[in-house]
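Engineer: Here is a sequence with its predicted model. Questions after.
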Amino acid sequence: MFNPSQPKAGHPRIAVAGATGRVGSSLISKLVTEPVELVALTRGPDAERLPSGISVATVDFDARSTLDHALRGADRLFLAHGTSPRQVANEIALIDAAVAAGVSHIVKLSVLGPPSRLHPFDWHMQIEAHLATCDVGFTVLRPSSFVDILARAVAPIVNDTWGGAAGDGLVNLIDTRDVADSAFAVLLDDAHVTSQRAYHLTGPAAVSMPEIADALSGLLGRAVTYQHRSPAEQREKLLASGLNEFVADLLLGLDRAFYESVLAETTTTVRELTGHAPRPATDWLSDNISLFRK
């Protein structure tokens with residue numbers, strides 16, 4: 001039973017919003033080995049995906065009292081939220097509840113990129129702008145595009161129909177494990193609890209989608225190609241695959257960012273924060289190559 005009024009003596013209490021997400025689940029698996037008290041904030045019935053022994057607090061963003069209850073006694077908050085039209089309102093509500101609860105440091109998962117009207121880039125900008133007005137220590141993590149977005153290409157690659165509107169543009173794909181490792185480091189950083197800072201997180205080098213196709217060709221032992229399409233052609237393909245317009249437009253926005261190479265930046269931040277080099281995209285491809293076999 002979760003009791004936020006009784007923290008374990010001497011153990012910092014870390015609340016994790018998005019604990020079953022791609023970054024959150026990896027982060028949780030690292031934090032469970034540390035002398036901290038973990039509270040996983042969840043909106044749905046996915047708590048069974050969490051390791052045993054972790055306190056779980058169910059939150060309802062339409063009921064502020066559930067946020068206050070979940071964060072009572074928390075020292076630090078990791079904040080991640082799935083991309084959705086409610087992302088801005090929900091994250092701001094959780095930030096406000098955390099500040100009211102006396103949380104000393106918030107680690108917000110954001111996104112790398114320039115000011116933009118594209119979703120979700122603009123949503124993260126609005127949330128960051130709100131966080132900057134709050135009297136609280138925070139770290140904003142701005143990762144480039146996650147390498148596991150390539151999982152969306154599994155079926156097209158298997159069927160030799162992979163393509164998109166990214167052209168030969170470059171993107172520095174980052175492994176979600178490296179984002180989790182970075183979040184782990186800053187959450188446990190006692191020297192900068194009151195600091196307000198931001199980090200850009202990237203993989204070791206930028207790649208193009210045709211280069212990803214070449215890497216897959218070598219790993220699979222067969223030719224994989226990336227078919228170049230116009231944005232209109234790609235949108236039609238995405239909708240025909242069964243995606244709704246919201247998701248299709250999000251993916252087209254990413255293709256545009258890739259095409260324009262606006263996410264090609266390379267930083268050394270992952271190594272500086274974690275002590276290890278970021279994993280290259282080819283590592284993820286090798287680890288998951290069975291998904292792409294016919």
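Structural biologist: All right, it came through fine.

Engineer: got the contact list for the closest residue to Thr161 other than its chain neighbours?
Structural biologist: Among residues not flanking Thr161 along the chain, Gln227 sits closest, at 7.3 Å (C-beta to C-beta, 6 or more residues apart in numbering). Where C-beta positions appear, they are placed from N, C-alpha and C, glycine not excepted. Neighbouring residues of Gln227 by C-beta atoms under 8 Å, 6 or more residues apart in numbering: 161-164.

Engineer: most surrounded residue in the residues you listed?
Structural biologist: Comparing the contacts of Gln227 by number of neighbours (other C-beta atoms under 10 Å), Gly164 comes first, having 24 neighbours.

Engineer: so how far is Glu260 from it?
Structural biologist: 14 Å (C-beta to C-beta, to the nearest Å).

Engineer: related to what we said a few turns ago, go through the contacts of Gln227 and say which is closest to Trp123.
Structural biologist: Taking C-beta to C-beta as the measure, Gly164 is the one of those closest to Trp123, at 22.5 Å.

Engineer: So the closest one sits against Met209, correct?
Structural biologist: Yes: when contacts are counted by C-beta atoms under 8 Å, Gly164 is listed as touching Met209 (6.5 Å).

Engineer: Tell me the secondary structure at Ala129.
Structural biologist: helix (DSSP: H, G, I helix; E, B strand; the rest coil).

Engineer: For it, the count of nearby residues, please.
Structural biologist: When neighbours are counted by other C-beta under 10 Å, Ala129 registers 10.

Engineer: Return the residues in contact with it.
Structural biologist: For Ala129, no contacting residues are found, by C-beta under 8 Å, 6+ apart.

Engineer: ok, back up a step: quickly list what's touching both of Gly164 and Met209.
Structural biologist: Common contacts of Gly164 and Met209, defined by C-beta under 8 Å, 6+ apart, comprise Tyr226.

Engineer: Which parts of the stretch 1-150 of the chain are helices?
Structural biologist: 22-31, 64-71, 87-101, 121-131 (DSSP state H, counting those that start in this stretch).

Engineer: Can you give the contact residues for the lowest-mean-pLDDT helix or strand in the chain?
Structural biologist: Among the helices and strands of the chain, strand 55-58 carries the lowest confidence by mean pLDDT, DSSP states H and E, at a mean of 88. By C-beta under 8 Å, 6+ apart, the residues outside strand 55-58 that reach it are 2, 4, 15, 37-43, 47, 50, 66, 69-70.

Engineer: Which members of the residues you listed define the maximum pairwise distance?
Structural biologist: Glu37 and Arg43 (21.0 Å).

Engineer: more crowded one of these two?
Structural biologist: Glu37 (21 against 16).

Engineer: That one contacts Leu31, doesn't it?
Structural biologist: No: counting by C-beta under 8 Å, Glu37 stays clear of Leu31, with 9.8 Å between them.

Engineer: between those two, what contacts are shared?
Structural biologist: Common neighbours of Glu37 and Leu31, using C-beta under 8 Å, 6+ apart, are Ile14.

Engineer: and the residue nearest to Gln234 when sequence neighbours are not counted, what does it touch?
Structural biologist: Ranked by C-beta to C-beta, 6+ apart and with sequence neighbours excluded, the top spatial neighbour of Gln234 is Ala165, at 4.4 Å. For Ala165, the contact set (C-beta under 8 Å, 6+ apart) comprises 228-231, 233-234, 252, 255-256, 259.

Engineer: do Thr266 as well
Structural biologist: 172, 202-206.

Engineer: Same question for Gln234.
Structural biologist: Neighbours of Gln234 in contact, by C-beta under 8 Å, 6+ apart: 163-165, 252, 255.

Engineer: Can you name the two of these that sit furthest apart?
Structural biologist: Farthest apart among the contacts of Gln234 - using C-beta to C-beta - are Gly163 and Leu252, which lie 12.8 Å from each other.

Engineer: on that earlier part again, pick the most buried one from the helices of the stretch 1-150 of the chain.
Structural biologist: Ranked by mean neighbour count, these are led by helix 22-31 with a mean of 21 (mean count of other C-beta atoms under 10 Å).

Engineer: wait, Gly163 sits on Pro210?
Structural biologist: No: look at Gly163 against Pro210 with C-beta under 8 Å: they stay out of range, at 10.4 Å.

Engineer: Now do the shared contacts for the two.
Structural biologist: Tyr226.
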